[in-house]
Every structure is written in structure tokens, then in C-alpha cells.
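[1] Sequence first, then the predicted structure:
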Amino acid sequence: MEVQKRYQEALVYSDDPEGVKTFQELARIRALLSELVFGAWGKDGTENPKKQMTELRKKKEKLEAKLSRLSHAFSTHKKIAKADSEMIARALPDNTVLLEFAKVEMCDFQARTVQDLWMPPPLYRLRPPCGQG
């Protein structure tokens, strides 16, 4: 949501009214898709929600392609979003590695109070260098 908001701001503050209009239409199509996916199947009187979803996805793809042509920032975001481990590995210089770290909070699903829900982080002991203990 935050990333989408930043792209919207970049387009809104740009001098390209067509880009702003396209982004607003894309946001509207995404909202309609979201409504269909998350439970609004047929609630609006739609006879064939699968057909409607297919049509909305096609419109979304066309709008994203148009926006990629109009906005360098949006185009870059779409390329980054498609990155996978193989693509990243090919982009790295020879004889290098990419290390990623994640901080994961552990939840105790059997906790009886909100205060006990989040478990303390585990304590890791670092080993001393070889030969020093």
C-alpha cells in the first residue's frame, strides 16, 4: 500500500495528466478485482463473475502496460516486482554472494494473554574464534 501511495503521489505531482488519469483508472480496476476476489461474487447482480474477473484482469494488464510507458518510476517498480532469485543471481558480479537477513517475531499461539503473545527473541551465543575456547 505504501509503495502504491508513493507512485500515486509521484504521478499526481507530475505534469502528465494522462499518467494521473491512467493511474486512477488502474486503482479503480484493482479495487473492483479485490471486491470480486474477497467475497463479492455475484452480490452486485453480476451474472458471470468469472467472466467479469477475466475482463477486469485484461483491463488491469493494459493499464499497467500503458502506465509503464508513461511513467519511468512505475516501469521500474514492475521490473523489480518480477525479480526472482535466478534473475538476481545473474545480475550479481562473478565470485560474489547475496546475503539476506530477516528478523522474525515468534508468536505463541497458545498464549492466554496479549502480553504473552509475542515470545522473546532467542539468544544466540557466538562462538569464539578457533583456538580461543
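    Yes, it's here.

[2] Checking the nearest residue to residue 92 once chain neighbours are set aside next. Helix, strand or coil?
    Nearest residue to residue 92 in three dimensions, chain neighbours excluded: residue 98, at 6.1 Å (CB to CB, 6 or more residues apart in numbering). For glycine as for every other residue, the C-beta is placed from the backbone atoms N, C-alpha and C. Following DSSP: H, G, I helix; E, B strand; the rest coil, residue 98 is assigned to coil.

[3] how about the helix or strand harbouring residue 69: buried residues?
    Assessed by DSSP states H and E, residue 69 sits inside helix 49-70. For helix 49-70, the neighbour count (16 or more other CB atoms under 10 Å) marks 49, 52-53, 56, 59-60, 63-64, 66-68, 70 as buried.

[4] wait, which of those is closest to residue 83?
    residue 68 (15.5 Å; CB to CB).

[5] biggest separation within the buried residues of helix 49-70, which pair?
    49 and 70, at 30.5 Å, using CB to CB across the buried residues of helix 49-70.

[6] Residue 25 and residue 56: what is the separation?
    Residue 25 sits at a distance of 12 Å from residue 56 (criterion: CB to CB, to the nearest Å).

[7] Can you name the next helix or strand after the helix or strand of the chain with the lowest mean pLDDT?
    Within the chain, no helix or strand scores below helix 2-12, which has a mean of 61 by mean pLDDT, DSSP states H and E. Downstream of helix 2-12, the next assigned helix or strand under DSSP H and E is helix 17-37.

[8] so what secondary structure elements neighbour that following helix?
    Under the contact criterion of 3 or more CB pairs under 8 Å, 6 or more residues apart in numbering; DSSP states H and E, helix 17-37 touches helix 2-12, helix 49-70.

[9] try 10 Å this time
    Where contact means 3 or more CB pairs under 10 Å, 6 or more residues apart in numbering; DSSP states H and E, helix 17-37 is packed against helix 2-12, helix 49-70, helix 72-81.

[10] May I see the buried residues of it?
    Under 16+ other CB under 10 Å, the buried positions of helix 17-37 are 19-20, 22-23, 25-26, 29, 32-33, 36.
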